[in-house]
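>>> Sharing a sequence plus its predicted fold:
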Amino acid sequence: MQHMFKMVQSHCHYFTIHFCTIILGRNAGWLAFCLIYVAINSHMKATGTLYCILKTS
């Protein structure tokens, strides 16, 4: 009984890891894209703000 439970447990664990890997693998591109987009966007905002400050001062 204990062996059976361990087998099921490890199978579920493997399945979860596999499932997460698939999800992350599919969405890794989107995640990277979003991060890059946010980084560029905030960089542009920072640069724009800095430019305005320098221009007005």
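Perfect, thanks for sending it. Computed from a predicted structure; not experimentally measured.

>>> could you measure Ala46 against Asn27, distance?
Per Cβ to Cβ, to the nearest Å, Ala46 is found 27 Å from Asn27. In short, each C-beta sits where N, CA and C put it, glycine included.

>>> any idea of the mean pLDDT in the helix or strand where Phe33 lies?
Per DSSP states H and E, Phe33 falls inside helix 2-56. Across helix 2-56, pLDDT averages out at 75.

>>> Pull the distance from it to the chain's centre.
Remark: helix 2-56 is offset 0 Å from the chain centroid, using Cα atoms, centre = their mean, to the nearest Å.

>>> before we move on, what about stretch 45-57?
Counting by Cα atoms, centre = their mean, stretch 45-57 comes out at 31 Å from the chain centroid.

>>> Which residues does it contact?
By Cβ atoms under 8 Å, 6 or more residues apart in numbering, no surrounding residue is in contact with stretch 45-57.

>>> Can you show me the CA trace of it as CSV?
This file holds the C-alpha atoms of stretch 45-57, laid out as CSV (Å, rounded to 0.1, in the frame of the first residue of the first chain):
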residue,chain,number,x,y,z
LYS,A,45,9.5,57.2,-20.0
ALA,A,46,12.5,57.8,-17.8
THR,A,47,14.5,59.2,-20.8
GLY,A,48,11.5,61.3,-21.9
THR,A,49,11.1,62.7,-18.4
LEU,A,50,14.8,63.4,-18.1
TYR,A,51,14.8,65.2,-21.5
CYS,A,52,11.8,67.3,-20.4
ILE,A,53,13.5,68.3,-17.2
LEU,A,54,16.8,69.1,-18.9
LYS,A,55,14.9,71.1,-21.6
THR,A,56,12.9,73.1,-19.1
SER,A,57,15.7,73.9,-16.7
